[in-house]
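Asker: sequence first, predicted model second:
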Amino acid sequence: QDEALLRRTCAPLAAAKDPAGALRHRQEGNRFFQQKQNGRAAACYSRSICLATPGSEEQALAFANRSAALFHMQHHQACLDDIDRALANGYPARLTHKLLSRRADALAALEHARQNPGDNPTAAVAAMGNPDVSAAGGCGRDETLAENGGRAGERVSVELRHKGRHAEKSNSTCPRAEIKNAQFDCHVITVFSGLRWSERSGRHLVAARDLHPGETLLVEPAFASAVAPDADADRERALSPEERCCHHCLREAEPVLPVPCQRCSYARFCGEPCRDAAVRSRHHGSVECALASRGLLQGLGPFVQASLRTLLIAG
């Protein structure tokens, strides 16, 4: 009943995205890109993606622009992922040749990196084309590239036939937490002999062998969690903790969190699997998404956010 009341109370608060804000952040990203500040440009494009209406041309342009910044940062797999997202979200057909050219360059860079570890793959494929920012009035290449679309299309089609249209997604699964003990399995506890109870200690686990200081004994997913504020902000990209850490698994993504919530402009995720898991557990259609849409969730603090999520998950 309490949760139902919260849902009814917050339902009118659910706000749409902010297309004007999305355009503003994308234009700011274009300026940083022109200044070769690719990290700041990628951060601005990420904010634009979060504010843009899902499936809109504005969001597709922001994905495409971010793919250019990621290419220059040598995050070629992330670049390919953003190219796929741009094409899937209604990227303008008149500009598609730019993305296809950039995709071929990114695939070539990945192949070069595989065959020549330690080299600069971006520089190695620079002769194939200079990835640009695709936006009306932006900082991209001259549109006369379209006149050479035939030759570019032939080169791209050859690349795609050899390497496949879609590279393997880097965010297909959420990685396990890193632990110091290489032999440790998160799902099989072998260091305990069993569960015991005593009047002095109550219920407790008993070790089956001697334990070393600092040894990891158990890794368990949190029932509910929230991103904590951090004074150590990323100065290069001016990213807040909420922009650096996945709102589901809390993993810090590098270089940016690629996937936004489909309804609010606050939640960001390290990939589609985490976003879908958050949707299933608590986010979409819930109090959390409604509060986030109005900018109210950010001011609650991590402990209140975790308490709210505990309520929503437990139902």
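Answerer: Yep, it's here. Residues are numbered from 1 along each chain as shown.

Asker: helix or strand for the spatially closest residue to P54 that is not a sequence neighbour, which one?
Answerer: Spatial nearest neighbour of P54, excluding adjacent residues (Cβ to Cβ, 6 or more residues apart in numbering): Q262 at 4.9 Å. Every C-beta, even on glycine, is put in place using the N, C-alpha and C of the backbone. Assigned by DSSP states H and E, Q262 belongs to neither a helix nor a strand.

Asker: do the same with G194
Answerer: strand 192-198.

Asker: so what's the closest residue to E242 other than its chain neighbours up against?
Answerer: Computed as Cβ to Cβ, 6+ apart, the closest residue to E242 that is not its neighbour in sequence is V227, at 5.4 Å. Residues in contact with V227 (Cβ atoms under 8 Å, 6 or more residues apart in numbering) are P241, E242, C245, H247, L250, P302, Q305.

Asker: change it to 6 Å
Answerer: Applying Cβ atoms under 6 Å, 6 or more residues apart in numbering, we find V227 in contact with P241, E242, C245.

Asker: ditto for H76
Answerer: Contacts of H76 by Cβ under 6 Å, 6+ apart are A106, A109, L110.

Asker: isn't there a helix covering the last one?
Answerer: This points to L110. Yes - residue state for L110 (DSSP: H, G, I helix; E, B strand; the rest coil) corresponds to a helix.

Asker: leaving out sequence neighbours, find the closest residue to it.
Answerer: H76 (5.0 Å).

Asker: could you measure the one you found against H112, distance?
Answerer: When Cβ to Cβ, to the nearest Å is applied, the distance between H76 and H112 equals 10 Å.

Asker: can you tell me the element the residue nearest to E242 falls in?
Answerer: Using DSSP H and E, no helix or strand contains V227.

Asker: ok, R26 next?
Answerer: Per DSSP H and E: R26 is located in helix 19-34.

Asker: show me which residues of that helix are buried.
Answerer: P19, A22, L23, H25, R26, E28, G29, N30, F32, F33 (16 or more other Cβ atoms under 10 Å).
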